[in-house]
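Novice: pasting the sequence and the predicted coordinates here, then a few questions.
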Amino acid sequence: MWLFVFFDLPTETKKDKRNASQFRGNLLKDGFSMMQYSVYVRHCASSESADVHEKRIHRLLPPLGKVSILRITDKQFGNILNFWGKAEVPKAPQPTQLELF
């Protein structure tokens, strides 16, 4: 399962800029990777793990701005096409699954 966080945060004042920077920093500390400037993505091993990260994001929300969270499956994530210019960029390798014997 993958979590996407999309956000549009104000950056008009120094306080707004600090809040936006702290929010991005907190996403990185929580294991998210920047896909685009205001789009971050993280792999979660289970729905329960995704719940934990969603609750954490909810606690870290800045006072102003818009934040959206989207869950997609590994299969859906594998169908993403990424383009930089006209050339297709290879997909990022998927994390390995934990196997219990």
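Specialist: Done, it's in.
Novice: quick one: buried residues of the longest helix that the chain contains?
Specialist: Longest helix in the chain by number of residues, with DSSP state H as the criterion: helix 14-29. By neighbour count on 16 or more other Cβ atoms under 10 Å, the buried set for helix 14-29 is Asp16, Asn19, Ala20, Phe23, Arg24, Asn26, Leu27. Quick note: C-beta positions are derived from backbone N, CA and C, even for glycine.
Novice: what packs against the helix or strand that contains Leu70?
Specialist: Leu70 is part of strand 66-72 when elements are defined by DSSP states H and E. Applying 3 or more Cβ pairs under 8 Å, 6 or more residues apart in numbering; DSSP states H and E, we find strand 66-72 packed against strand 2-8, helix 47-60.
Novice: mind listing what's buried in the first one?
Specialist: When neighbours are counted by 16+ other Cβ under 10 Å, the buried residues of strand 2-8 are found to be Trp2, Leu3, Phe4, Val5, Phe7.
Novice: and those, which two are furthest apart?
Specialist: Trp2 and Phe7 (16.5 Å; Cβ to Cβ).
Novice: Met35 contacts Leu27, correct?
Specialist: No - applying Cβ atoms under 8 Å as the test, Met35 and Leu27 come out as separate, 11.0 Å apart.
Novice: in the protein, where is pLDDT below threshold?
Specialist: Applying pLDDT under 70 to the chain picks out residues 87-89, 91-101.
Novice: give me the neighbour count for Leu9.
Specialist: Leu9 sits with 19 neighbouring residues when counted by other Cβ atoms under 10 Å.
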